[in-house]
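Trainee: Kindly return the folded structure for what I paste below:
(one chain, ligands or ions: 1)
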Amino acid sequence: MSWQAAENRYEGVPYVRAGRSGLQLPAVALGLWHNFGLEADFERQREIVRTAFDHGITHFDLANNYGPPPGSAETNFGRLLDLDLRPYRDEIIVATKAGYTMWPGPYGDWGSRKYLVASLDQSLKRMGLDYVDVFYHHRPDPNTPLEETMAALDYIVRSGRALYAGISNYNGAQTRAAAAELRRLGTPCIVNQSKYSMLVRQPEADLLPALEEEGIGGVAFSPLAQGLLTDRYLGGVPADSRVAAGVGFLRPEHITEERVQLARALDMVAREGGRSLAQLAVQWVRRQPAITSVLIGASKPAQVLEAVRALEMPPLDGEELAAIETILG
Ligand code: NDP
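Mentor: Next comes the predicted model:
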């Protein structure tokens, strides 16, 4: 008997229109950057993805290079589709990307048409899909004409490999230029995926206003600063944490006394409002009108549930926002 998703799955998270597009995305999305590689416990992966979908998280974010090794998160997601999710394909948004190093030589990196089309074809094969819902250019390429990269996205959509085009790690000016080019081609840019959290606020000055003006949905990645904005590191480095795993960019040297103190102060504000720090961090990112989806990662189903519960809580009030602002300085 195949897996049955919860019948009440659409009672959980709210859906938000991505910019001025027709696509609605769940206010919280699940990313498969960490914890979905070859070495990660597959049954745990399955539980995390099932929990997300059971609670209305329809949006799964991948990239060609997620693993380790690169490609393995897409392969595992393909297995999860086979086991559980393929009957629900039309209820799911699968996003993937290309833009970072994927294979050796001049055609396995950056933003040429050659790389993007070949990479997406590989991604589709790994996941066993005919198309993805969103295909992103993963980072700006200073050496490829923007016109070529955007023409590749336009081609990818027109050829049926993706339904929508997006860009990632493009700043405000780069986003405006990309959006103008895609508009000219007739394939709108509907999402921009960028890092945004209480610890990374650069998008406020430049990117978020551009997204609102251009009608592009903001997808905020690492909203919990990879765990720094949760209770994970308030009392040391747990053995099952991302830092202890030692496979990513979050390293023991990033868990400084100063950051832990800051997290403790934010945790106090969260608790006074009846929230966890992770829930405070989700709500803080979500308060921005330019943000469509808060894109979290998770190593266990309970972390997904905590983010979903955050969406059921009242938004942060003026006093809480002011207290946070004081702490962030
Ligand atoms: P987060 O900031 O949400 O960090 C996720 C980590 O935080 C988890 O693995 C877990 O760490 C910890 N965590 C999550 N929830 C809780 C909780 N409730 N309590 C305690 N700890 C918690 O996001 P990521 O950095 O994982 O990024 C999210 C997604 O964004 C990625 O999967 C990817 O899809 C996308 N991304 C995109 C990039 C781009 O260039 N476009 C770059 C980076 C990410 P632990 O494992 O220790 O339990």
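
Trainee: Those residues of this structure touching the ligand, which are they?
Mentor: The interface of the chain toward the ligand, taken as C-beta under 6 Å from any ligand atom, is made up of 31-35, 61, 138, 168-169, 193, 221-227, 230-232, 241-242, 278, 295-299, 303, 306. Glycine gets a C-beta too; all of them are placed from N, C-alpha and C.

Trainee: Mind doing that once more with 5 Å?
Mentor: 31, 33, 61, 168, 193, 221-222, 224, 226-227, 230, 232, 241-242, 278, 295-297, 299, 303, 306 (C-beta under 5 Å from any ligand atom).

Trainee: Cross those residues against strands and list the overlap.
Mentor: Mapping the residues of the chain next to the ligand onto strands (DSSP state E) picks out 31, 61, 168, 193, 221, 295, 296.

Trainee: what ranges do the helices span in the stretch 151-300 of the chain?
Mentor: According to DSSP state H, counting those that start in this stretch, the stretch 151-300 of the chain carries its helices in the segments 172-185, 207-214, 242-245, 257-272, 277-286.

Trainee: which residues are contacting the shortest one?
Mentor: Yep, that's helix 242-245 we're talking about. For helix 242-245, contacts defined as C-beta atoms under 8 Å, 6 or more residues apart in numbering pick out 34, 226-227, 232-233, 237-238, 248, 250-252, 254-255, 299.

Trainee: what do you get for the second one?
Mentor: Taking contacts as C-beta under 8 Å, 6+ apart, the residues outside helix 207-214 that touch it are 19, 171-173, 175-176, 179, 189, 192, 194, 196, 216-218, 288-291.

Trainee: Show me which positions of that helix end up buried.
Mentor: Neighbour-count burial for helix 207-214 flags 207, 208, 210, 211, 214 (criterion: 16 or more other C-beta atoms under 10 Å).

Trainee: Repeat that for the fourth one.
Mentor: Residues of helix 257-272 classed as buried: 262, 263, 266, 267, 269, 270 (neighbour count, 16+ other C-beta under 10 Å).

Trainee: okay if I get those residues as CSV plus pLDDT and distance to residue 94?
Mentor: Converted to CSV, these look like this (pLDDT from 0 to 100; distance: C-beta to C-beta, whole Å):
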residue, pLDDT, distance to residue 94
262, 97, 35
263, 97, 33
266, 98, 33
267, 98, 34
269, 98, 36
270, 98, 32
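
Trainee: State the pair within those residues that is farthest apart.
Mentor: Farthest pair in these (C-beta to C-beta) is 262 and 270. Separation: 12.6 Å.

Trainee: Please name the residues that touch the residue lying closest to residue 147 once chain neighbours are set aside.
Mentor: Spatially, and ignoring its direct neighbours in sequence, residue 147 is nearest to residue 181 (6.1 Å; C-beta to C-beta, 6 or more residues apart in numbering). Residues near residue 181 by C-beta under 8 Å, 6+ apart: 146, 147, 150.

Trainee: Looking at these, spot the one nearest residue 52.
Mentor: The closest of these to residue 52 turns out to be residue 150 (C-beta to C-beta; 31.3 Å).

Trainee: Was I right to think the closest one contacts residue 185?
Mentor: Yes: contact criterion C-beta atoms under 8 Å: residue 150 and residue 185 qualify, at 6.4 Å.

Trainee: more crowded one of these two?
Mentor: residue 150 (26 against 17; other C-beta atoms under 10 Å).

Trainee: For the nearest residue to that one once chain neighbours are set aside, give its distance to the ligand.
Mentor: Nearest non-adjacent residue to residue 150, counting by C-beta to C-beta, 6+ apart: residue 181, 4.2 Å away. Separation of residue 181 from the ligand (C-beta to the nearest ligand atom, to the nearest Å): 20 Å.

Trainee: all numbers from here: first residue = 26
Mentor: That works, and once the first residue is 26, the last one we named lands at residue 206.

Trainee: related to what we said a few turns ago, just put the helices of the stretch 176-325 of the chain in JSON lines and tack on distance to residue 67.
Mentor: JSON lines is the format used below for the helices of the stretch 176-325 of the chain (distance: least, C-beta to C-beta, whole Å):
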{"stretch": "helix 197-210", "distance to residue 67": "37"}
{"stretch": "helix 232-239", "distance to residue 67": "36"}
{"stretch": "helix 267-270", "distance to residue 67": "16"}
{"stretch": "helix 282-297", "distance to residue 67": "31"}
{"stretch": "helix 302-311", "distance to residue 67": "25"}
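
Trainee: Which among those helices is found nearest to residue 70?
Mentor: Using C-beta to C-beta, the helices of the stretch 176-325 of the chain put helix 267-270 closest to residue 70, at 14.5 Å.
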